[in-house]
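Enquirer: fold the following.
(one chain, ligands or ions: 1)
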Amino acid sequence: MFAAIDAGDVAKTNAIDSDEVDPIFGEIGEQISGAAAASRANSDQHLHDLAVIQARVLFSTPLVFTFGLGLVVFFWRVLVSYQDQVKRAVEREAEAARRNEQRFRALVQNASDLVLICSPDGTVFYQSPATHGPWGYTDDALLDEAFTGLVHPEDTAAARDLWDQTQAVRGATKAVELRCQNAAGAWRHAELILSNLLDEPAVNGLIATVHDIQDRKIFEQQLTQQAFYDGLTGLPNRALLCDRIKQALVRTGRRNTNVGLLFLDLDKFKIINDSLGHQTGDELLIEVATRLKASVRAEDTVGRLGGDEFVVLLENIADDVSVLPVVEAIKKQFGRSFLLEGREIAVTASIGIAFGDASRDQADSLLRNADLAMYRAKAAGKGRHVIFDSSMQVDTLARLELENDLRAAIDGGQLRVHYQPIVPLKSERVTEVEALVRWQHPTQGMISPLDFIPLAEETGLIIPLGLWVLKEACRQAAIWHAQFPIDPPVVISVNLSPRQFQMPDLAEEVERTLQEAGLPARYLKLEITEGTIMLDVEATISTLSRLKAIGIKLAVDDFGTGYSSLAYLKRLPLDVLKIDRSFIKGIAENAEDKAIVQAILLLAKSLNLEVTAEGIENAEQAAMLNSWQCERGQGYYFARPMEADKATALLGRLGLSPLPRVA
Ligand SMILES: Nc1nc2c(ncn2[C@@H]2O[C@@H]3COP(=O)(O)O[C@H]4[C@@H](O)[C@H](n5cnc6c(=O)[nH]c(N)nc65)O[C@@H]4COP(=O)(O)O[C@H]3[C@H]2O)c(=O)[nH]1
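Expert: Next up, the predicted model:
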């Protein structure tokens, strides 16, 4: 049986009766059958399970497939989207890079800066195109050149220094201001910025950026010019002058020398400025500046303090005498007349001189001393120079005091008008009186107008002062007319100063004064000096015409001293020429004076003007002038100026009878 089993002969095996084999085999067989049945059942269960699984699988396969497909699609989409994103990012970066490059290119091409890349030995191996900027170099103009070739010879040392400092330190950036030449050959102010990029593989050189700062430099220079130089003449102004004086004083200590300071003030500048206009005044100042510079050494400083005040600073002055050649040179320059508005005008300057050294002086005290000396020079007459001495400080204080006193005098009733008769030489009767102002000073007594009229003119006090005199004289004349019915009534003559003559409302002011006084205009004569008239003939004609239209008589005072142009003279609406007393003085003994006076008389006749001779001091002069047909005379020979009550008494005594001699 076992053999049949072993041989796999199932049929034979099955045919063997189990009992014949062994009863035990029955048990075994049963057990096996049981086991087989169990096994079968088990198998069936497995098969069933498998079938279930199979069914489940069969049932779930489409789901899995669908799910897997979904995953694939999902991942595909993710992948595609990621790829898109990456692509877009790459494109964006490429675009940004392209734009950056375009921008950089545009910047470099259109930048006004010139950018050079140089090798360590300073040779240019890259040059930005700078054709359109201030530098104007074409693309390769500077290639293979040393970058210092651009730099101004005077700035080459600074450029080399910058190069050495920058080249020594990798990554360093340094800058310096210097001048560089552009393609047209012009030198321009530039800021040279050097960056050491030798460690940068893409560059491997030193970048030199040449940045144009021409405009800024010019602006800076303008600011400096404005701060330290006079805008009109270009000369150092007060601030710079003071600084130079300070420095010069410091140097005196080291060199054991002196500083010499000349303080110049133009004589009569105000008159020129007011009458010929500010533009002409400016022209004069510019010409004065030029002439002053021509009078001194290159190392000396000429400056302008303002107005018509100039200063000359002289260094290394051994003694007082060594400034005199400079003073003479300046005077020589002023010896030539100045051509202003086509006219030759003589201008003089008063010069004050002060010396200083570091041990005792400071800039401002030195200036003040020179200024004081200048005032002394002015007082001594025009065109003079005076050297400072300490006594002048006292005088200046006195002058300041005088100015204050004069202000008080005008308001405080200290002014008086004195009257000097003017007589026809034939009849020697008083037909006219000249009003002459006096100052009754509370402590100094009677002060002559010669001592305060120039000060009043300078300070502008002449305007209120002159108006007061005019009012007082007209008031007095009106009283005399009422008191003494002489026929014709006495004429009152009043002086007008240059400043008064410039008053725009002069004619109106005079007319108002006449009305207030009740004096007819034909009994007022206004005297204007020849100098005032000739300053601006056109303006003079207009002012005189307005006065003439009111009916006032007009006289030229001090005639013969003011270089009148005869051509202009005949255009002026004048009535009288008053010959200056300096000519009358010498007529008896001086042939020249005699000839001048005769010529003036002839001229007056041809211009249809009457003549008054001033300063007649004796009978001989009166007789000579009378014989030359001079109409009128004034002078100590006839009468000195007198107070109003004395003049009133004189007029009352005289009536129409000749004047008794008072001198
Ligand atoms: N040596 C000498 N001198 C004589 C003789 N006869 C008259 N004089 C002086 O000559 C001056 C004549 O006045 P002026 O030429 O207008 O010269 C005047 C005038 O320019 C000015 N002045 C006087 N009063 C006024 C005024 O009210 N206004 C203005 N703007 N100036 C005035 O002051 C100047 C001087 O006036 P005064 O000192 O009063 O001097 C007066 C008078 O006293 C003489 O025979 N010999």
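Enquirer: and the closest residue to V490 other than its chain neighbours, what does it touch?
Expert: Distance criterion Cβ to Cβ, 6 or more residues apart in numbering; nearest residue to V490, sequence neighbours excluded, is W480 at 5.7 Å. In this view, the C-beta of every residue, glycine as well, is placed from N, C-alpha and C. For W480, the contact set (Cβ atoms under 8 Å, 6 or more residues apart in numbering) comprises 489-490, 648, 651.
Enquirer: from those residues, which land in helices?
Expert: Using DSSP state H to define helices, the subset of the contacts of W480 located there is 648, 651.
Enquirer: export the contacts of W480 as JSON lines, with columns for neighbour count.
Expert: Listed next are those as JSON lines, based on neighbours: other Cβ atoms under 10 Å:
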{"residue": "P489", "neighbour count": "18"}
{"residue": "V490", "neighbour count": "21"}
{"residue": "T648", "neighbour count": "17"}
{"residue": "L651", "neighbour count": "18"}
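Enquirer: got the contacts of W480 as CSV, with distance to the ligand and pLDDT columns?
Expert: What follows is the contacts of W480, written out as CSV (distance: Cβ to the nearest ligand atom, whole Å; pLDDT from 0 to 100):
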residue, distance to the ligand, pLDDT
P489, 21, 89
V490, 17, 93
T648, 19, 93
L651, 18, 88
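Enquirer: that older thread, part of a strand, is the residue nearest to V490?
Expert: No - under DSSP: H, G, I helix; E, B strand; the rest coil, W480 falls outside any strand and is assigned helix.
Enquirer: that one and the ligand, how far apart?
Expert: To the ligand, W480 is 18 Å away according to Cβ to the nearest ligand atom, to the nearest Å.
Enquirer: next: R376.
Expert: 21 Å.
Enquirer: domain boundaries for this protein, per the record?
Expert: 15-102, 114-219, 229-389, 401-654 (automatic domain parsing).
Enquirer: starting at the chain centroid, how far to the second one?
Expert: Right, domain 114-219. Centroid displacement of domain 114-219 relative to its chain, using Cα atoms, centre = their mean, to the nearest Å, is 35 Å.
Enquirer: all further residue positions should be reported with the first residue as 57.
Expert: With 57 as the first residue, the last one maps to domain 170-275.
Enquirer: tell me the mean pLDDT over it?
Expert: Mean per-residue pLDDT for domain 170-275: 91.
Enquirer: between the two ends of it, how far is it?
Expert: Terminal residues of domain 170-275 are spaced 22 Å apart (Cα to Cα, to the nearest Å).
Enquirer: quick one on the thing from earlier: lowest mean pLDDT across the domains of the chain, which one is that?
Expert: domain 71-158 (a mean of 65).
Enquirer: and the residue of the stretch 107-256 of the chain found nearest the ligand, bridged to which residues?
Expert: The ligand sits closest to H245 of the stretch 107-256 of the chain, with a gap of 57.1 Å, by Cβ to the nearest ligand atom. When assigned by DSSP bridges, H245 has beta-bridge partners R235.
Enquirer: what of the one 4 residues further on?
Expert: Using DSSP bridges, the beta-bridge partners of I249 come out as A231, T265.
Enquirer: go ahead and confirm it touches T229.
Expert: Yes - using Cβ atoms under 8 Å, I249 is in contact with T229, at 6.6 Å.
Enquirer: so between those two, which is more surrounded?
Expert: I249 (18 against 14; other Cβ atoms under 10 Å).
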